[in-house]
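A.B. asks: starting from these lines, generate the structure:
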Amino acid sequence: MDIGQAITSATTPVRAVITGSPVLARRIWAPTATRREQAAEVRETLAKGIAAARAAELAKLTDEKAIAKAKAAHAEADKATRAEKRDRIGSVLAGGILVVLVAGPVSWQFVGPWMPAAVWSGIGLWCIAAMAHAPKTAAKTTPGPDLGEAPANTPDDTDEWIQDSPPEAVLWALIRHTAALTKQGTAAHLQAVLDEGQRRGQFGDWTVADLVEELASYGVPVVEGKKLTVGGRDRNRKAVLLSALPEADPAPFPALVQPATSSAG
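C.D. replies: Numbers count the residues shown, from 1 in each chain. Coordinates of the predicted model:
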């Protein structure tokens, strides 16, 4: 082994930690991002319901004074709600500060001596998990030669899979384009991504399971059930969140080769 190969072998774990850390962070954050999206959808639904109820109430009134009085009552209710929210946040912050100031010094006497070991243990566990989540793109783009199990001019299933796989930038562009077709624009149903890609000459005869496997090879998690509004209808399907995708520069994707049809996805 020459010096270059030795250096490459020695730096492989470091590269795995560097490339795997963003993937691991996105995977850890993905459930939180999903919960935040769901909470935002609930708040939006409640706000729409309140607005509709108030509009219906005002529509029943004909007297200008009664309408003005109702609007003033609505404004006071909104003001009280905001004040209550601020008070609740202030109480939580004050309680947290009090706990830190009172319990912090006492707890540190017991926890302090163990902190160096805990920190280094945490760093070690993070490095191991990051290496396990490091993208294996090299194996997908540069497959090794066949060592005699099959003739060189007879591609195996792996070769077909590689040929059918769209470039990474095209895959992310297709997912983001499909998400833009929904009302929320925060996620894309996998079946809709397949339909959109196949209309553009991508994916071959892939199934949703194939796309899940492709995303897993990049360390991108899949949400089992995500409700999106597509074409005015709510659908709950297996999806990928845009927040889980790697950061990527905008990339063009192939033009349509098949006419667009109504998708279930």
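
A.B. asks: how about the helices in the stretch 101-250 of the chain?
C.D. replies: 115-133, 137-141, 157-164, 168-180, 190-198, 208-217 (DSSP state H, counting those that start in this stretch).

A.B. asks: any idea which of those scores lowest on pLDDT?
C.D. replies: Per-stretch mean pLDDT for these is lowest at helix 137-141 (a mean of 45).

A.B. asks: separation between Ala73 and Tyr218?
C.D. replies: Using Cβ to Cβ, to the nearest Å, Ala73 is found at 53 Å from Tyr218. In short, each C-beta sits where N, CA and C put it, glycine included.

A.B. asks: burial check on Gly104, number of neighbours?
C.D. replies: If you count neighbours by other Cβ atoms under 10 Å, Gly104 ends up with 11.

A.B. asks: what do you get for Ser165?
C.D. replies: The burial count for Ser165: 19, using other Cβ under 10 Å.

A.B. asks: go on, Ile18?
C.D. replies: For Ile18, the count of nearby residues is 13 (other Cβ under 10 Å).

A.B. asks: any idea how far Thr11 is from it?
C.D. replies: According to Cβ to Cβ, Ile18 stands 10 Å off from Thr11.

A.B. asks: by mean pLDDT, flag the weakest helix or strand of this structure.
C.D. replies: Across the helices and strands of the chain, mean pLDDT, DSSP states H and E gives its lowest value to helix 137-141, namely a mean of 45.

A.B. asks: longest helix in this structure, by residue count?
C.D. replies: Secondary structure of the chain per DSSP state H: the longest helix is helix 3-59.

A.B. asks: next, count neighbours for His177.
C.D. replies: Look at His177: counted by other Cβ under 10 Å, it has 15 neighbours.

A.B. asks: revised request: answer the last question for Arg54.
C.D. replies: When neighbours are defined as other Cβ under 10 Å, Arg54 has 15 of them.

A.B. asks: before we move on, the earlier item: of the helices of the stretch 101-250 of the chain, which is nearest Ala52?
C.D. replies: Nearest to Ala52 among the helices of the stretch 101-250 of the chain is helix 168-180 (27.3 Å), distances taken as Cβ to Cβ.

A.B. asks: now the closest one against helix 190-198, angle please.
C.D. replies: Orientation of helix 168-180 against helix 190-198 (axes from the mean of the first three to the mean of the last three Cα atoms, to 10 degrees) gives an angle of 120 degrees.

A.B. asks: other SSEs contacting helix 168-180?
C.D. replies: Secondary-structure packing of helix 168-180 (3 or more Cβ pairs under 8 Å, 6 or more residues apart in numbering; DSSP states H and E): strand 187-189, helix 190-198.

A.B. asks: mean confidence score for the helix or strand hosting Arg88?
C.D. replies: Assessed by DSSP states H and E, Arg88 sits inside helix 64-111. Averaging pLDDT along helix 64-111 yields 87.

A.B. asks: make 5 the first number, not 1, from now on.
C.D. replies: All right, first residue 5 from here; so that's helix 68-115.
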